[in-house]
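Novice: what's the 3D shape of this:
(one chain, ligands or ions: 2)
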Amino acid sequence: MSAPPNKQEQEETLTFPSSHAALIDPYLPTLSPEKENEDRWEKMNGKVYLTLTYAHSLDAALSLSPGVRTALSGRLSKAMTHYLRARHDAILVGVGTAVADDPGLNSRVRLADCSTRQPRPVVLDPRGRWAFGAESKVVRLAAEGKGLGPWVLVREGAVIDEGRRKILERVGGGFMFVPVGTEGRFQWGDVLRVLGREGVRSVMVEGGGEVINSLLAADKNGLVDSVIVTIAPTWLGQGGVVVSPPRVEGPNGGPPQQVRLADVRWCPMGDDVVLCGRIAK
Ligand SMILES: NC(=O)c1ccc[n+]([C@@H]2O[C@H](COP(=O)([O-])OP(=O)(O)OC[C@H]3O[C@@H](n4cnc5c(N)ncnc54)[C@H](O)[C@@H]3O)[C@@H](O)[C@H]2O)c1
Ligand SMILES: Nc1nc(=O)c(N)c(NC[C@H](O)[C@H](O)[C@H](O)COP(=O)(O)O)[nH]1
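Specialist: Ligands and ions are numbered 1, 2, ... in the order given. Predicted coordinates for the structure are as follows:
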C-alpha cells in the first residue's frame, strides 16, 4: 500500500494501452453515435447500463477503515479505472467515499484518438452529510474545466443549504431529489430512473462498501450489466471496509443463494489482476 498520492501524481495524464482496452471493452457500454444510443435506450425500455467496478485486497477490503483513503490499484489498473470513467456518462459513489477520499471523480486518461471524455460525478447522500465547499476536489476540477459538476442525490424533502446549492450550480452541478424507503435508502431503480431522465445512459458505480453491498443485494432485479474488479496482491487485515453482500436464504431452508459471475475474464495488469464478468442469472 502506498502513501496518499500527492497533487502532481493526482493530476498527471494517464495512458491505457489499446491492447489492454481490447480485453475490457466487451464489458463496457458501446461507444456509438448518439442516435444509435437512443435507439438502444428505447429498445431496453430506458435501462441505464450499469458497471460495478472497484479495487480490493486479497481479503476483499476496499480500504483500511471507513474514513481512510487506501491506494490499492497499481499504475496500469489505475489507468484502467480512468479509462472506465471516460467510457461512462456518470460515475457514482456513496457519501462515505466522498467524505473519506475527497475524490476528483474525473478522467485523466487520454483516449486512442487523443481526446478526453468526462463522466458526471454522482454522490448518494440521502441525509445531506457531505460538507463540501468550493475547495473540494471534485468541485475545483469542474471549475477548472477538468471534470463535470457533481450531482448530489438527497432524499425528497431534504432542506438544502443555499450556499452549497450555489457552489454546485456555479460548476454545472446540482442537488437532485429521490424518495427514500423505511431504511432511509434509495431504491436503485429510482436512482437509475433519475439519472436516465437527465440523459445518463451509462453509469459506473465505484463504491464504497455500503453502496456496493446494497447494489449486489438488490441485483435480483438485474440492474448490474457488468462487474470489473481490480484485485491487488495485498492483505489489509481485519477491520477494513469489506465487499460482502448480505446473504439471501435459499428456498425451503436450503443453502444461501450465491451471487456468482458468469462470462468471466481474468486480465493480469501489472502486479494486479482485473476480473471482468456478468452476474449469473
Ligand atoms: N478500493 C476502492 O475501489 C474503493 C472505492 C470506493 C470507496 N472506497 C473506500 O470505501 C470507504 C467508504 O465506504 P463506506 O461503506 O464507508 O461508504 P460508501 O461510500 O458506501 O457510502 C455510504 C453511504 O452512502 C449512502 N448510500 C449507500 N447506499 C445507498 C442507497 N442504496 N441509498 C441511499 N444512500 C445510500 C448512505 O448515506 C451511506 O451511509 C472509504 O474508505 C473509501 O476510501 C474504496
Ligand atoms: N480503482 C481504485 N483503486 C484504488 O486503489 C482505490 N483506492 C479506488 N478508490 C475509488 C474511490 O472512488 C476513490 O475515491 C477515488 O479513486 C479517488 O480518486 P480520484 O481523486 O477520483 O482520482 N479505486
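Novice: so what's residue 65 up against?
Specialist: By CB atoms under 8 Å, 6 or more residues apart in numbering, the residues touching residue 65 are 239, 240, 241. In short, each C-beta sits where N, CA and C put it, glycine included.
Novice: Rebuild those residues as a markdown table, extending it with pLDDT, neighbour count and distance to ligand 2.
Specialist: Formatted as a markdown table, the entries for the contacts of residue 65 read as follows, by pLDDT from 0 to 100; neighbours: other CB atoms under 10 Å; distance: CB to the nearest ligand atom, whole Å:
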| residue | pLDDT | neighbour count | distance to ligand 2 |
| --- | --- | --- | --- |
| 239 | 96 | 10 | 17 |
| 240 | 96 | 21 | 12 |
| 241 | 98 | 25 | 11 |
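Novice: Which members of the residues you listed occur in strands, if any?
Specialist: Cross-referencing the contacts of residue 65 against strands under DSSP state E gives residue 241.
Novice: The contacts of residue 65: which ones sit near ligand 1?
Specialist: residue 241 (CB under 6 Å from any ligand atom).
Novice: I'd like the contacts of residue 65 laid out as JSON lines, including distance to residue 12.
Specialist: Listed next are the contacts of residue 65 as JSON lines, based on distance: CB to CB, whole Å:
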{"residue": "239", "distance to residue 12": "32"}
{"residue": "240", "distance to residue 12": "28"}
{"residue": "241", "distance to residue 12": "27"}
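Novice: Which of the contacts of residue 65 sits closest to residue 86?
Specialist: The shortest approach to residue 86 among these belongs to residue 241, at 26.1 Å (CB to CB).
Novice: Distance of that closest one relative to residue 138?
Specialist: Distance of residue 241 to residue 138, given as CB to CB, to the nearest Å: 20 Å.
Novice: swap in residue 187?
Specialist: 25 Å.
Novice: Return the residues of the stretch 1-150 of the chain in contact with ligand 2.
Specialist: 55, 70-73, 81, 93, 97, 101, 103-105, 137.
Novice: Closest one to residue 153 out of those, please.
Specialist: Nearest member of those to residue 153, counting by CB to CB, is residue 93, at 10.9 Å.
Novice: Report the next helix or strand after the host helix or strand of the closest one in sequence order.
Specialist: With elements taken from DSSP states H and E, the one containing residue 93 is strand 90-94. Elements were assigned by DSSP H and E; along the chain past strand 90-94, the next helix or strand is helix 95-101.
Novice: The residue lying farthest from the centre of the chain in helix, strand or coil?
Specialist: Checked against the mean C-alpha position of the chain, the extreme residue using CA atoms, centre = their mean is residue 252, at a distance of 35.5 Å. Under the three-state scheme (DSSP: H, G, I helix; E, B strand; the rest coil), residue 252 adopts helix.
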